[in-house]
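Peer 1: Sequence plus the predicted model coming up.
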Amino acid sequence: MNNPQEQILELRKELRDHNYNYYVLDNATISDFEFDKKLKHLQDLEEKHPEFFDSNSPTQRVGGEVTKNFETVPHEHRMYSLDNSYSKEDLQDWETRIKKLVDGDIQYTCELKYDGASISLTYENGTLVKAVTRGDGFQGDNVTTNIKTIKSVPLQLKGDYPSKFDIRGEIVLPFDGFNKMNEARIEIGEEPYRNPRNTASGSLKLQDSTEVAKRPLECLLYNLTGANIKISTQFESLEKARQWGFKVPNAAKLANSIDEVLEFVDYWNIHRHDLPYETDGIVIKVNNLQQQEELGYTAKAPRWAMAYKFKAEQVSTKLNSITYQVGRTGAITPVANLAPVELAGTTVKRASLHNADQIEKLDIRVGDEVFVEKGGEIIPKIIAVDLSKRELDSVKTEYITQCPECETELIRQEGEAQHYCPNYNGCNPQIIGRIQHFISRKAMDIDGLGGETVALLVNEGLIFNYSDLYELTKEHVIPLERMAEKSADNLINGISNSVNIPFERVLFALGIRFVGETVAKKLAKHYKSIDAIANATEDDLVGVNEIGVKIAESVTAFFASEKNLYIINRLKQFGVQLEISAEELKGQTEILKGDIIVVTGVFEYVSRNELKKLIENNGGKVSSSISSKTSYIVAGNNMGPSKKQKAEQLSISLISENEFLQKIK
Ligand code: AMP
Ligand code: ZN
């Protein structure tokens, strides 16, 4: 039998390889299930043997550290910007300039220009020691804890890597993941993110690295700096980086002339639309590193490199009408209906106008000729109105004041961009949307019932809210369009089976604004029943770990409605789970009720996360920072000096891991 250390090292290596195959080579070599099993095994072993802790273990990818203020650190090698070019002439001018400065033929490496947030990674002896944002080029923010959660960033290199070097790259958010994130946001009534680039760069500065770990970010690398080894060309350095385990896209190509560079440009100007992430151009670099050195830098950019920006594809077309959509939460979205036009390989008929401010800003009017652009965003966007073509009799767009579906007066809350229809219980798209959310996979997961059938049931007057689902019979649904005997059975069965769905998912299914899956889990765990949540005040709610004012307000508003209480009561009567089951309650006590506890340091018997779980399961609250409200601190080994000082200042007592475990025994 292997000793634990060998087992740990073996598992780490195995998981690292799988990670590499999956996230760098896009080639899975193990099922998710198997991977999770091995990861769990490693976690368990590491918890039992803290002496083998390694900050670069694959278990560290899930995040956990919270950073309030990122430390600003200098770049050892400055991060320059790039000069831009937009035409063949620009590129020829550049070549003429550099040919005067270096001898011999010039060969170029052509690379894609990834549109994300730039990052500089420092490796020492094959391990990642630091990740810093570009900042102003001289100094940036140390975001190492967040970067470590990105699976395509190798924590441990392989092969013949140099002992110390920096490598630069771009953190991007591929379209797929971006869209999924937005679906989840829309689901809880949040406004979707506008584009992948800003979302990627925003992600690097999130305080909670666990949140970063959940985002499907990728790191693409393109530049090696300060590596003291015999590499003579840029192209070779890309190949080397790839061998050491970095994700370096394969698109890079060598060109022997500006004409060949232009072939690369032309190819990618079209094929970039097939890439999984955003690119805004290409970067051309003098291939020979000796020549690069001779060329040097201007005040802001290398002379040996040049960006070529793709023109965002733009067309002009006519705005036929503006219509308004009502979402599940009542949010109104104005939509531009356009005369169909070809753009970047698709026919565009509609574009989002976002909100009233956007319409005002563009001063867009029905009948206008407008410029439509497809940039990074998936949905085309209206850039401007062609005022030279505006009809003399055009009328300024008046934003609607009433809901297009139910004619209720719209409201717009202070500080919000969106108008809302407040007719929560009587506005059809809201009713339908809410029931569709209720039955969805992550909520009540009702088999045999689809979104369209829900719309049909509402429009036929068979149901008015989600509790009505439980009163449907086969006789009700059989007459519906396209409803066969078998599907009617499935539908009714699916509904009655859903009474077994656990409370936390029912809570999510209710569709309370801002209560997504995670928040629902927290509330369910903390309050244990719907009645307790309904009786909680805003203050109570804000006292729950990670529940903010916005969520608290939304929750109390939901339960202040008689109608909602009535619907919930009906759900209760039909047997839907509105409290935590006895099974889930097992192992939970109130021993620590009222205690606000800070956990710090390294522990011997349980992991920090386990400790937090123990506190919550025994009725206590975990707080991340020491304040006068802290009841006591559970201190492990290596408690930070600033925390120690703070605790002394506020005379807050420390207890050891052992004392704590005794307490809850
Ligand atoms: P700009 O922000 O327009 O000045 O462009 C410079 C930025 O392009 C750099 O700071 C990098 O973050 C980014 N970039 C993206 N892809 C590449 C690449 N292949 N080579 C160099 N820089 C790149
Ligand atoms: Zn309405």
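Peer 2: Received it, and whenever you're ready, just let me know what you need. Numbering: from 1, shown residues only. Ligands and ions are numbered 1, 2, ... in the order given.
Peer 1: Nearest to ligand 2 within the stretch 451-600 of the chain, name that residue for me.
Peer 2: Val458 (13.5 Å; CB to the ion). No exception for glycine: its C-beta is placed from N, CA and C like everyone else's.
Peer 1: Restricting to C-alpha, output the helix or strand where Ala455 lies in CSV.
Peer 2: Assessed by DSSP states H and E, Ala455 sits inside helix 451-459. Output of helix 451-459 as CSV, limited to C-alpha atoms (Å, rounded to 0.1, in the frame of the first residue of the first chain):
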residue,chain,number,x,y,z
GLY,A,451,-42.5,26.0,-21.8
GLU,A,452,-45.0,26.1,-24.6
THR,A,453,-47.5,24.0,-22.8
VAL,A,454,-47.3,26.3,-19.9
ALA,A,455,-48.1,29.3,-22.1
LEU,A,456,-51.0,27.3,-23.6
LEU,A,457,-52.3,26.4,-20.1
VAL,A,458,-52.2,30.0,-19.0
ASN,A,459,-53.7,31.4,-22.2
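Peer 1: counting contacts, what elements does it pack onto?
Peer 2: Applying 3 or more CB pairs under 8 Å, 6 or more residues apart in numbering; DSSP states H and E, we find helix 451-459 packed against helix 428-439.
Peer 1: ok so, going back, next, the angle helix 428-439 makes with the helix holding Ala455.
Peer 2: Counting by axes from the mean of the first three to the mean of the last three CA atoms, to 10 degrees, helix 451-459 lies at 130 degrees to helix 428-439.
Peer 1: Other residues contacting helix 451-459?
Peer 2: 428, 431-432, 435-436, 439, 463-464, 472, 477, 480-481, 483, 491 (CB atoms under 8 Å, 6 or more residues apart in numbering).
Peer 1: can you rerun that using 6 Å?
Peer 2: Helix 451-459 has contacts (CB atoms under 6 Å, 6 or more residues apart in numbering) with Ile431, Ile432, Ile435, Gln436, Ile463, Leu480.
Peer 1: since we're on the residue in the stretch 551-665 of the chain that ligand 1 sits nearest to, how many residues are nearby?
Peer 2: Ligand 1 sits closest to Ser624 of the stretch 551-665 of the chain, with a gap of 32.5 Å, by CB to the nearest ligand atom. Counted with other CB atoms under 10 Å, residues neighbouring Ser624 total 14.
Peer 1: hmm, back to that, can you pick the most crowded of the contacts of helix 451-459?
Peer 2: That'd be Ile435 among the contacts of helix 451-459, by other CB under 10 Å, with 27 neighbours.
Peer 1: mind listing what that one touches?
Peer 2: Val454, Tyr466.
Peer 1: Numbering from 17 from now on, please.
Peer 2: Got it, first residue is 17 now, which makes that one Ile451.
Peer 1: Tell me the secondary structure at the residue of the stretch 17-166 of the chain found nearest ligand 1.
Peer 2: Going by CB to the nearest ligand atom, ligand 1 is nearest to Ser134 of the stretch 17-166 of the chain, at 3.0 Å. Following DSSP: H, G, I helix; E, B strand; the rest coil, we place Ser134 in the strand state.
Peer 1: cool, and Thr349?
Peer 2: Three-state call for Thr349 (three-state DSSP): strand.
Peer 1: and the gap between the nearest residue to Gly142 once chain neighbours are set aside and Glu26?
Peer 2: Once flanking residues are discounted, Gly142 sits nearest to Leu173: 4.2 Å by CB to CB, 6 or more residues apart in numbering. Remark: distance between Leu173 and Glu26 (CB to CB, to the nearest Å) = 19 Å.
Peer 1: From the centroid of the chain, which residue is nearest?
Peer 2: Arg231 (3.8 Å; CA atoms, centre = their mean).
Peer 1: can you give me phi and psi for it?
Peer 2: Per-residue torsions, Arg231: phi -90, psi 130 (degrees, to the nearest 10).
Peer 1: what's the closest non-adjacent residue to it?
Peer 2: Ser219 (5.1 Å).
Peer 1: Can you report how many residues lie near that neighbour?
Peer 2: Ser219 has 23 nearby residues by other CB under 10 Å.
Peer 1: now the one 5 residues further on
Peer 2: Burial of Asp224, expressed as a neighbour count using other CB under 10 Å, amounts to 17.
Peer 1: Look up the residues forming beta bridges with it.
Peer 2: With DSSP bridges as the criterion, Asp224 is bridged to Val82.
Peer 1: Please report how far it lies from ligand 1.
Peer 2: 25 Å (CB to the nearest ligand atom, to the nearest Å).
Peer 1: That residue and Glu294, how far apart?
Peer 2: The gap separating Asp224 from Glu294 is 25 Å, by CB to CB.
Peer 1: Show me what the longest strand seen in the chain is packed against.
Peer 2: Longest among the strand segments of the chain by residue count, using DSSP state E, is strand 329-342. Secondary-structure packing of strand 329-342 (3 or more CB pairs under 6 Å, 6 or more residues apart in numbering; DSSP states H and E): strand 348-359, strand 385-390.
Peer 1: how about 10 Å then?
Peer 2: strand 348-359, strand 362-368, strand 385-390, strand 397-401, helix 444-455 (3 or more CB pairs under 10 Å, 6 or more residues apart in numbering; DSSP states H and E).
Peer 1: okay but the residue nearest to Gly142 is in contact with Leu237, surely?
Peer 2: No: using CB atoms under 10 Å as the test, Leu173 is too far from Leu237 to be in contact (11.9 Å).
Peer 1: Any residue of the helix or strand containing the residue nearest to Arg231 touching ligand 1?
Peer 2: Element membership for Ser219, per DSSP H and E: helix 212-220. No: using CB under 6 Å from any ligand atom, helix 212-220 stays clear of ligand 1, with a minimum separation of 10.3 Å.
Peer 1: Quick one: distance of that helix to the chain centre.
Peer 2: How far helix 212-220 lies from its chain's middle: 8 Å, per CA atoms, centre = their mean, to the nearest Å.
Peer 1: Low-confidence ranges, the stretch 317-466 of the chain, go.
Peer 2: 361, 391-394 (pLDDT under 70).
Peer 1: er, the chain actually
Peer 2: Within the chain, the stretches with pLDDT under 70 are 17, 361, 391-394.
Peer 1: Name the residues of it found near ligand 1, please.
Peer 2: So far as CB under 6 Å from any ligand atom goes, the chain lies against ligand 1 at Ser97, Leu98, Glu127, Lys129, Tyr130, Ser134, Glu186, Tyr238, Asn239, Val299, Ala323.
Peer 1: Let me have the residues you listed in JSON lines, adding distance to Arg210, neighbour count and secondary structure as columns.
Peer 2: As requested, the residues of the chain next to ligand 1 are arranged in JSON lines below (distance: CB to CB, whole Å; neighbours: other CB atoms under 10 Å; DSSP: H, G, I helix; E, B strand; the rest coil):
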{"residue": "Ser97", "distance to Arg210": "24", "neighbour count": "14", "secondary structure": "coil"}
{"residue": "Leu98", "distance to Arg210": "24", "neighbour count": "18", "secondary structure": "coil"}
{"residue": "Glu127", "distance to Arg210": "26", "neighbour count": "25", "secondary structure": "strand"}
{"residue": "Lys129", "distance to Arg210": "20", "neighbour count": "21", "secondary structure": "strand"}
{"residue": "Tyr130", "distance to Arg210": "18", "neighbour count": "26", "secondary structure": "strand"}
{"residue": "Ser134", "distance to Arg210": "20", "neighbour count": "20", "secondary structure": "strand"}
{"residue": "Glu186", "distance to Arg210": "19", "neighbour count": "24", "secondary structure": "strand"}
{"residue": "Tyr238", "distance to Arg210": "26", "neighbour count": "24", "secondary structure": "strand"}
{"residue": "Asn239", "distance to Arg210": "28", "neighbour count": "22", "secondary structure": "strand"}
{"residue": "Val299", "distance to Arg210": "25", "neighbour count": "20", "secondary structure": "strand"}
{"residue": "Ala323", "distance to Arg210": "23", "neighbour count": "17", "secondary structure": "strand"}
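Peer 1: can you tell me the helix or strand for Asp139?
Peer 2: No, residue 139 isn't Asp; it's Tyr. Per DSSP H and E, Tyr139 falls inside strand 133-140.
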